[in-house]
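[1] sequence and predicted structure below; questions after.
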Amino acid sequence: MTSELDIFVGNTTLIDEDMYRLWLDGYLVTNAVALRVRSGILEQMGSTAAVLQSDTMDRYRTFHMLERLLHAPPKLLHQLIFQILPSRQALLIERYYAFDEAFVREVLGKKLSKGTKKDLDDISTITGITLKSCRRQFDNFKRVFKVVEEMRGSLVDNIQQHFLLSDQLARDYAAIVFFANNRFETGKKKLQYLSFGDFAFSAELMIQNWTLGAVDSQMDDMHMDLDKEFLQDLKELKLLVADKDLLDLHKSLVCTALWGKLGVFSEMKANFKNLSRGLVNVATKLTHNKDVRDLFRRAVLPKSVFSVCPLPRWLPTPGPLGPLHGHPPWLPPAPLS
Amino acid sequence: MPGKLKVKIVAGRHLPVMDRASDLTDAFVEVKFGNTTFKTDVYLKSLNPQWNSEWFKFEVDDEDLQDEPLQITVLDHDTYSANDAIGKVYIDIDPLLYSEAATVISGWFPIYDTIHGIRGEINVVVKVDLFNDLNRFRQSSCGVKFFCTTSIPKCYRAVIIHGFVEELVVNEDPEYQWIDRIRTPRASNEARQRLISLMSGELQRKIGLKVLEMRGNAVVGYLQCFDLEGESGLVVRAIGTACTLDKLSSPAAFLPACNSPSKEMKESPLVHPPSHGCRSTHNSPIHTATGSRLTQNFSVSVPTLIYTGMGSGSAGKEGGPFKALLRQQTQSALEQRGGSPHRFCRRREFPFFTLTAFPPGFLVHVGGVVSARSVKLLDRIHNPDEPETRDAWWAEIRQEIKSHAKALGCHAVVGYSESTSICEEVCILSASGTAAVLNPRFLQDGTVEGCLEQRLEENLPTRCGFCHIPYDELNMPFPAHLTYCYNCRKQKVPDVLFTTIDLPTDATVIGKGCLIQARLCRLKKKAQAEANATAISNLLPFMEYEVHTQLMNKLKLKGMNALFGLRIQITVGENMLMGLASATGVYLAALPTPGGIQIAGKTPNDGSYEQHISHMQKKINDTIAKNKELYEINPPEISEEIIGSPIPEPRQRSRLLRSQSESSDEVTELDLSHGKKDAFVLEIDDTDAMEDVHSLLTDVPPPSGFYSCNTEIMPGINNWTSEIQMFTSVRVIRLSSLNLTNQALNKNFNDLCENLLKSLYFKLRSMIPCCLCHVNFTVSLPEDELIQVTVTAVAITFDKNQALQTTKTHVEKSLQRASTDNEELLQFPLELCSDSLPSHPLPPAKEHLESASSNSGIPAAQRATSVDYSSFADRCSSWIELIKLKAQTIRRGSIKTTVTVEKASPVGDGNFRNRSAPPCANSTVGVVKMTPLSFIPGAKITKYLGIINMFFIRETTSLREEGGVSGFLHAFIAEVFAMVRAHVAALGGNAVVSYIMKQCVFMENPNKNQAQCLINVSGDAVVFVRESDLEVVSTQQPTANCQSSCTEGEVTT
């Protein structure tokens, strides 16, 4: 006796969170069943493994059918085929677009091309994330990238509008898209200690301050590309190191701004000259694409110091200085643009 | 020219890409009604076209309005080649034809293609201007309301219940026409869909005409079915109960009580449980021999069982029900047709009612389940306009049912239904119902006024009234064991009661109920035509008998004494027959405590064998005890003295013989009787019997927190919360073809059903505590080695902690009231019974059988029903008023409503970072609930918008690519649900009640990578308002409130 066909269709589509996670994590049906058996669910319900198998297959099939809709989340909201409660719809979308920290660190800044996709095998082996899950995450990045690439307006808003992601997740995607677009190198050993959150934070600041859209509010269609002119202008910063008076003025301004806001204030003050020189050196060499991509590697060079002040006009705002280990994972809300 | 249909095509969305080059579509729409077609402009290069068309106007007869569906086709314009069809939408405009229902159909409809499924959506607005037509000879029946609900719909009251209406129309199946060889599968499927839509429109119109003739204005319990007879054609048939309904003028005042679920329980007053006994009327194997060869209409009638009871009593002595079963009733049903003297019957040929729940006082007594089956050979329908053969077949069966009912001293049949099972050219027609004595006042015209005035003095039958036997105890139509009613102690009741109706609301039940199923398979030799039909008809009585035995045993094992909602389905396949009976077992307080089950061994001298037997016995006893605890069955102990001595001669136990074990003499019985109570004896004299006992014990009870039943509501639970989940589950298994035996088959089938139930429990575990209600199993045998089981049910959560006080007080009240004045009412049926068969002094069962069914018996039976009802007219009352009375005693507030839709689920934990609320919280698609029940827990139905009756075909030639058979069917059923919901939403509704999937025919050909499936669903579109909402905004107009909430979804895009 074999089951040829075995389905369950509810008027309201039931979403089991645990099952959804197993599916997203790329477990095969057999593995998922084994995992569930171990969780002791059978004893709770006095059920059999066959029931579990059937249930798992059925849920996987449902998710598979939903996947097509999840590729364009607004469709999920308007479609009529599956009646899903709004809270569940949100959950489906949010989790589908969620990604693993380990995975994103491997891919961040890489071109979202077929070539990279071929490397997913290796990434899967390194990170221990299933290939299926890696593919989903990669495809998500790529899909979001494609959709917002040519769009005007704020990156985060566009992502939120077209993928209905939560604010936080949309910001993360903005960072991913921004990094992928500018191909910042993040994979070097020296940068390994930095978390995705650190990069996402920098990305946000760069989007806000370094892009065309940020500089010129009229041209708000270019939130993904850095403002070349601005990078050229950074050459002028040489003065800050070359001119003693300016150096002192700079130092006093920075110290005033950061006083009491920095744990390593005294170190900073003591090493200000070195730090400043390092930063300015980085800043003045951002004229070539290659150098831009190398920004992060070079920025952390001088004694693990990372730029505080990407832009002069932003100077008064406090920010983390030095190693970013203590950088909180959640970021302040994005300024309205 | 009595109607103008106006259609506007607004927009489309999510269209498929039809032009690969541009990844876009140039869509336009054809709107067709009858022979008139309009077209919109082509909207170039868009997947979300905005046509915003003018109003297309069709001027049509109302006859066409009823028959024809509105057909909307979305196409892709192609300059150089033929335009490609994207898909279609069929809209049944019937709901617009009666005044109280919907006034406009407006909303997003899924665009459906039979090959690709749903492909985007289209926004359509439809209106009808209807001119009044008072022509007496008109062919249309606009204005007659149809309800699938098998009880009087909420927010209506029944003025008169007229009775049975039926109609059938036949046609050639387009799939089998010659043209099908040259047209595409899509064209063929669409021709079929259109034809069936047309036929069901016609059928509904014709039934409507009959209702108007009877001066009714509505059909309740409308059940329409398709018989796909293959080569020989397509039959669409329908049955229903004609009524005159009055809209309750102040829904706000009345409805709340009426609709609350606890109220539901009380609403149906009807059950007369039959005692058990088995009567067979074998209509004519003789027929087989003679008539069959000559005529094209080969027909084999099959013995019929009356499931009134047969476990105890004299069965054993008389040679067992088995003998009775084989008794052949020679008299042909048709002979009875001459017309009964009874006034009621004269007026209506068949006193049948498709209702399963009744107004209080409607049902006086219940006699038992009556059923009839007949095996027919299909032949091409030569003249579609004269479907006489099919009509005659059904008339024959109905006649038989009627005569069975009479034999039980009943003049009516309630909970009546008909079904067919077709395999190749053989067709089994089945009908079943519950014989009952009804209160005549509801059946007569012109009594309403009087009723209203008298209602207060009106008496209700006691809660136990329906249990009392309608037949003469001295002339029982079958062997049964009677006792005095445990409730009133005045009337006799049978020891077991089987019915096809819902539990009457005023019945006193002890403990909870449970789903009881009997499952059975029988192998059959492959044969052709007549030989095949004969083989089947020979097998049927044995199957019926065994199904009955299984039901009885399982009922005893559960410690219960009555079955409600009994539905026996016999399915015929190439090489086997399947029987599946489902019912809800309960313990009725009025009936005696059931005895246990005893096991008797055949070879008593073998020590180890006996040990084994006693071991089994112990297991059975333990199971009974466990079940009693599980279902909370603890009837109050009643001392024997009070009860009085149980009637004829108290029997310590009876023996139930298995059909195979004919030699009962050698059996030694172990005396393991449970006190004085009757006990069943199961003989174990062969391996078969052993299997049976084992299978009894293998039925696993549902996990704790779960209950299941196949009736509307679970007896013993009434504190429903508002979370409901309707679902359909389908399973197909392939049997290994090697050495199939009956046992192996039975085991496979049993496992299939049990596993399916287990899966359902598992899947719905998050709803615990909950109850699966209206569990409806359908078995089909699509191919030689395939068994398909389809289950539709609804899971409803309930509040475990909330006490049942409200009901109790209510029941008590009604009890008090009822008990004071029941006697008068009860006399009627008693008189009827005693008068009816005065000349038969205590005949043994078999003699009685003969007499009842033979010609001589008929007059007697007819006399029985020929009581002059007019004498009761003056006692008439309006049951509606009684409902009101009852309703007021229920505290609405006791129902806890949890609004599931708003239940927020915490998003994100673990891996996920802290995030703000996702932006998509406000969905744009309004939720439409679906349920097979006639009510929605925690809500009031404020308006019925019309019947939903839809038929879909889906076919694929890329089965693997669509996820195999499971993926294909899963998607299709989801699409069907979506289309039903879309239609309901477009009518302005937010729920479908009495939803039923009447057909799900699935065929596959994996080698060719093809599959096809046909699904037919129906239900009533309604508007409901949450009780909690009503309370909060009591001033707000409920309908307006609701309308706005449902339209909300349609506006947004």
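    Alright, I've got the coordinates. For clarity, every value in this text was computed on a predicted model and none was experimentally measured.

[2] quick one: the strands in the stretch 451-600 of chain B, in order.
    For the stretch 451-600 of chain B, applying DSSP state E, counting those that start in this stretch gives strands covering B:482-484, B:492-494, B:497-498, B:509-523, B:562-572, B:576-588, B:597-601.

[3] so which of the ones you listed is the most packed in?
    strand B:497-498 (a mean of 30; mean count of other C-beta atoms under 10 Å in any protein chain shown). In short, each C-beta sits where N, CA and C put it, glycine included.

[4] where do the domain boundaries of chain A fall?
    What the record gives for chain A is the domain set A:17-85, A:101-210, A:228-305, from the TED database.

[5] need these in JSON lines with mean pLDDT and mean neighbour count, can you?
    What follows is the domains of chain A, written out as JSON lines (pLDDT from 0 to 100; neighbours: other C-beta atoms under 10 Å in any protein chain shown):
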{"stretch": "domain A:17-85", "mean pLDDT": "88", "mean neighbour count": "18"}
{"stretch": "domain A:101-210", "mean pLDDT": "85", "mean neighbour count": "19"}
{"stretch": "domain A:228-305", "mean pLDDT": "74", "mean neighbour count": "15"}
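
[6] and of the ones you listed, who's closest to B:V789?
    Closest approach to B:V789 among the domains of chain A is made by domain A:17-85 (13.2 Å; C-beta to C-beta).

[7] end to end, how far does the closest one reach?
    Distance across domain A:17-85, first residue to last, is 14 Å (C-alpha to C-alpha, to the nearest Å).

[8] that one and chain B, any residue contact?
    Yes. Using C-beta under 8 Å from any C-beta of the partner chain, domain A:17-85 comes into contact with chain B via A:17, A:45-48, A:50-52, A:54-55, A:57-58, A:61-62, A:64-65, A:73, A:75, A:77-83, A:85.

[9] try stretch A:125-137
    No. Shown here: stretch A:125-137 not in contact with chain B (C-beta under 8 Å from any C-beta), separated by at least 11.4 Å.

[10] which other residues reach that stretch?
    A:24-27, A:96, A:99-100, A:102-104, A:106-107, A:117, A:120-121, A:123-124 (C-beta atoms under 8 Å, 6 or more residues apart in numbering or on different chains).

[11] in helices, which of the residues you listed appear?
    Judged by DSSP state H, the subset of the contacts of stretch A:125-137 located in helices is A:L24, A:Y96, A:A102, A:F103, A:V104, A:E106, A:V107, A:K117, A:L120, A:D121, A:I123, A:S124.

[12] how much space between the last one and B:S994?
    Pointing back at A:S124 there. 52 Å (C-beta to C-beta, to the nearest Å).

[13] next one: the fourth one
    Relative to B:S994, A:F103 is positioned 51 Å away (C-beta to C-beta).

[14] how about the second one?
    The spacing between A:Y96 and B:S994, counted by C-beta to C-beta, is 37 Å.

[15] farthest-apart pair in the ones in helices among the contacts of stretch A:125-137, please.
    A:Y96 and A:D121 (22.2 Å).

[16] so where's the stretch 251-400 of chain B uncertain?
    Applying pLDDT under 70 to the stretch 251-400 of chain B flags the ranges B:251-348, B:380-387.

[17] now the stretch 401-550 of chain B
    Those would be B:442-463, B:473-480, if you go by pLDDT under 70 across the stretch 401-550 of chain B.

[18] residue in it nearest to chain A?
    Going by C-beta to the nearest C-beta, chain A is nearest to B:C521 of the stretch 401-550 of chain B, at 12.4 Å.

[19] quick check: closest non-adjacent residue to A:A203.
    Once flanking residues are discounted, A:A203 sits nearest to A:A175: 3.7 Å by C-beta to C-beta, 6 or more residues apart in numbering or on different chains.

[20] reformat the domains of chain A as a markdown table; add distance to B:R765.
    Putting these into a markdown table (distance: least, C-beta to C-beta, whole Å) gives the following:
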| stretch | distance to B:R765 |
| --- | --- |
| domain A:17-85 | 6 |
| domain A:101-210 | 27 |
| domain A:228-305 | 49 |
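
[21] the residue most central in space within chain A: which element?
    For chain A, the residue nearest the mean C-alpha position is A:D172 (3.5 Å; C-alpha atoms, centre = their mean). With secondary structure defined by DSSP states H and E, A:D172 is part of helix A:167-182.

[22] CA atoms only: put that helix into PDB for me.
    Included here for helix A:167-182 are C-alpha records, laid out as PDB according to Å, rounded to 0.1, in the frame of the first residue of the first chain:
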ATOM      1  CA  ASP A 167      12.200  48.700   8.500                       C
ATOM      2  CA  GLN A 168      15.300  47.000   9.800                       C
ATOM      3  CA  LEU A 169      15.400  44.300   7.200                       C
ATOM      4  CA  ALA A 170      15.000  46.900   4.500                       C
ATOM      5  CA  ARG A 171      18.000  48.800   5.800                       C
ATOM      6  CA  ASP A 172      20.000  45.700   5.800                       C
ATOM      7  CA  TYR A 173      19.100  45.100   2.200                       C
ATOM      8  CA  ALA A 174      20.000  48.600   1.400                       C
ATOM      9  CA  ALA A 175      23.400  48.000   2.800                       C
ATOM     10  CA  ILE A 176      23.800  44.800   0.900                       C
ATOM     11  CA  VAL A 177      22.700  46.400  -2.400                       C
ATOM     12  CA  PHE A 178      25.000  49.400  -1.800                       C
ATOM     13  CA  PHE A 179      27.900  47.100  -1.100                       C
ATOM     14  CA  ALA A 180      27.200  44.900  -4.100                       C
ATOM     15  CA  ASN A 181      26.900  48.000  -6.300                       C
ATOM     16  CA  ASN A 182      30.200  49.500  -5.200                       C
END
